[in-house]
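**Student:** generate a structure from the sequence data that follows.
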Amino acid sequence: MEDFAVVAFKYSDSGDEVELVPTCWLQDEETKCSWPNFKNKLKVTKAVKEMTKPGDAWSIHSIKVLAKCRDYNAGRLLARNANNASGIQREGNYGLGRRRIKSTHNDSEDDSDSSIPQQPKPKKRYLPEPPEIEGEEETRCPGSSRKYSAMYSLLTSPSSSSSSSTQMPKAVLRSCLEDALRPVMLAVARCESRLQEQQKTLEMVLSIVKNLKESQTAPPTGPDVSLLDGLLPIKSYVDFEDFEQQINGDCALRKSLACRLQVLGGATVKAAVKNMVDLCMTSGLQYEFNWEGRLGWKTKTNTCKKGFKNTTLCKIMINILVNKTQLATDESEVGKTIMVYLRNAGDRYFGRKRPNDSLS
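**Tutor:** Prediction:
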């Protein structure tokens with residue numbers, strides 16, 4: 001059963017107006033329809049959706065049923081299509097909702113007034129073109145606007161001295177031409193200065209690239225680090241004493257060690273110390289050392305450890321780390337870092353389970 005109907009209200013002074021109404025509002029074999037007297041349109045829409053029963057105070061209008069449907073949304077679509085259809089003609093200047101359509105022409109004017117032509121809208125005015133000098137061919141001055149072309153032709157033409165009395169003096173024309181060319185010359189000067197700066201920058205970049213290529217292709221110069229092959233890392237204290245004697249007596253071996261330690265990375269002092277100590281000694285040998293060579297507080301026996309502070313290897317490490325500008329450190333900070341790293345060598349070598357006696 002259809003609950004809604006699309007109807008056209010009939011008026012004597014205007015065309016039909018299409019609306020969607022519930023079928024319970026239809027009367028007299030669907031020839032008349034009740035309509036609420038609400039002033040608020042939202043209340044009318046709510047009454048249509050909820051299919052409110054007609055009240056006694058509602059008005060009754062003559063209608064013509066155009067279509068029926070079960071759904072409210074489908075009914076609204078049918079009503080909209082019926083309003084836009086060409087078959088529904090409206091008479092008079094009335095729109096939907098009995099609104100009078102405003103006329104675009106004034107109907108009160110007489111025919112004589114309508115015959116008077118309307119004045120056209122004022123056009124956008126532009127500046128007039130400059131006058132051309134008779135007898136002289138127009139020559140465009142390079143880099144200047146059109147209004148200085150005649151002045152340029154007067155200065156460059158051979159007949160400029162025999163010009164008529166109506167022409168401007170040559171000095172005035174020259175000043176005008178200089179004023180016109182001044183911005184162009186300034187722009188050219190700026191471009192030349194920027195070009196020179198860019199050329200200098202390009203030459204500097206090319207020189208840097210050339211130096212980098214030469215440094216990469218050049219044969220390595222400096223100490224031979226291959227002398228340290230087979231010597232590092234040191235595994236026992238006996239080998240450590242022999243290595244100390246070698247670097248004290250052999251200057252080339254000492255320079256090779258310093259060069260090898262210097263190229264090690266490390267963004268902080270702690271990282272640099274770790275890399276150096278791990279390169280030179282195993283964790284088992286690190287456990288036999290502490291900073292002062294005294295009985296450590298982590299040692300569970302009465303045997304003192306060897307001191308690392310006065311060794312040649314320690315002095316080389318400290319000297320390299322202090323001279324690195326990116327670390328910005330001093331001898332005391334480096335010594336403290338090495339001391340802490342050697343103190344925790346037992347944890348790295350044995351783990352958390354330490355032996356009851358020291359290594360022998």
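**Student:** pLDDT of stretch 207-216, averaged?
**Tutor:** Stretch 207-216 shows a mean pLDDT of 83.
**Student:** for it, output the C-alpha coordinates as CSV.
**Tutor:** Extracted C-alpha coordinates of stretch 207-216, given in CSV (Å, rounded to 0.1, in the frame of the first residue of the first chain):
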residue,chain,number,x,y,z
SER,A,207,90.0,22.9,-7.1
ILE,A,208,88.5,21.0,-4.1
VAL,A,209,87.4,18.1,-6.4
LYS,A,210,90.8,18.1,-8.0
ASN,A,211,92.6,17.9,-4.6
LEU,A,212,90.3,15.1,-3.5
LYS,A,213,91.0,13.1,-6.7
GLU,A,214,94.8,13.6,-6.3
SER,A,215,94.7,12.5,-2.7
GLN,A,216,92.7,9.4,-3.6
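**Student:** what residues sit buried inside it?
**Tutor:** Neighbour counts over stretch 207-216 (16 or more other Cβ atoms under 10 Å) mark no residue as buried. Quick note: C-beta positions are derived from backbone N, CA and C, even for glycine.
**Student:** so in the protein, which helix runs the longest?
**Tutor:** In the chain, with assignment by DSSP state H, the single longest helix is helix 170-217.
**Student:** so for the helix or strand just after it, mean pLDDT?
**Tutor:** Downstream of helix 170-217, the first helix or strand assigned by DSSP states H and E is helix 237-249. For helix 237-249, mean pLDDT is 92.
**Student:** list the buried ones in helix 237-249?
**Tutor:** Neighbour-count burial for helix 237-249 flags 240, 243, 247 (criterion: 16+ other Cβ under 10 Å).
**Student:** so which elements touch the longest helix of the chain?
**Tutor:** Taking 3 or more Cβ pairs under 8 Å, 6 or more residues apart in numbering; DSSP states H and E as contact, the helices and strands that helix 170-217 lies on are helix 149-156.
**Student:** returning to what we had before: could the buried residues of helix 237-249 go into JSON lines alongside distance to residue 333?
**Tutor:** Output for the buried residues of helix 237-249, formatted as JSON lines (distance: Cβ to Cβ, whole Å):
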{"residue": "240", "distance to residue 333": "25"}
{"residue": "243", "distance to residue 333": "26"}
{"residue": "247", "distance to residue 333": "24"}
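**Student:** wait, which of those is closest to residue 305?
**Tutor:** If you rank those by distance to residue 305 using Cβ to Cβ, residue 240 comes first, at 12.7 Å.
**Student:** what distance do you get for residue 289 to residue 235?
**Tutor:** Separation of residue 289 from residue 235 (Cβ to Cβ, to the nearest Å) stands at 13 Å.
**Student:** and these two? which has more neighbours close in?
**Tutor:** The neighbour comparison of residue 289 against residue 235 (other Cβ atoms under 10 Å) goes to residue 289, with 24 against 12.
**Student:** thinking again about what came up before, nearest to residue 209 among the buried residues of helix 237-249?
**Tutor:** Minimum distance to residue 209 across the buried residues of helix 237-249 is 39.3 Å, recorded for residue 247 (Cβ to Cβ).
**Student:** any idea how far residue 349 is from the closest one?
**Tutor:** The gap separating residue 247 from residue 349 is 25 Å, by Cβ to Cβ.
**Student:** just checking, residue 69 touches residue 4?
**Tutor:** Yes. Assessed by Cβ atoms under 8 Å, residue 69 is found in contact with residue 4 at 5.5 Å.
**Student:** what residues are shared contacts of the two?
**Tutor:** By Cβ atoms under 8 Å, 6 or more residues apart in numbering, residue 69 and residue 4 have these common neighbours: residue 75.
**Student:** tell me which of the two has more neighbours.
**Tutor:** The residue with more neighbours, out of residue 69 and residue 4, is residue 4; 26 against 19, by other Cβ under 10 Å.
**Student:** now do the closest residue in space to residue 226 that isn't next to it in sequence against residue 281, distance only.
**Tutor:** Among residues not flanking residue 226 along the chain, residue 256 sits closest, at 8.0 Å (Cβ to Cβ, 6 or more residues apart in numbering). Going from residue 256 to residue 281 by Cβ to Cβ gives 17 Å.
**Student:** out of the two, which sits in the busier spot?
**Tutor:** residue 281 (26 against 20).
**Student:** how many neighbours does the residue nearest to the more buried one when sequence neighbours are not counted have?
**Tutor:** Of all residues not flanking residue 281 in the chain, residue 234 sits nearest, at 5.2 Å (Cβ to Cβ, 6+ apart). Applying the criterion other Cβ under 10 Å, we find 20 residues in the vicinity of residue 234.
**Student:** pretty sure residue 234 contacts residue 284?
**Tutor:** No. Counting by Cβ under 8 Å, residue 234 stays clear of residue 284, with 10.2 Å between them.
**Student:** how near is residue 330 to residue 310?
**Tutor:** In terms of Cβ to Cβ, residue 330 sits 18 Å off from residue 310.
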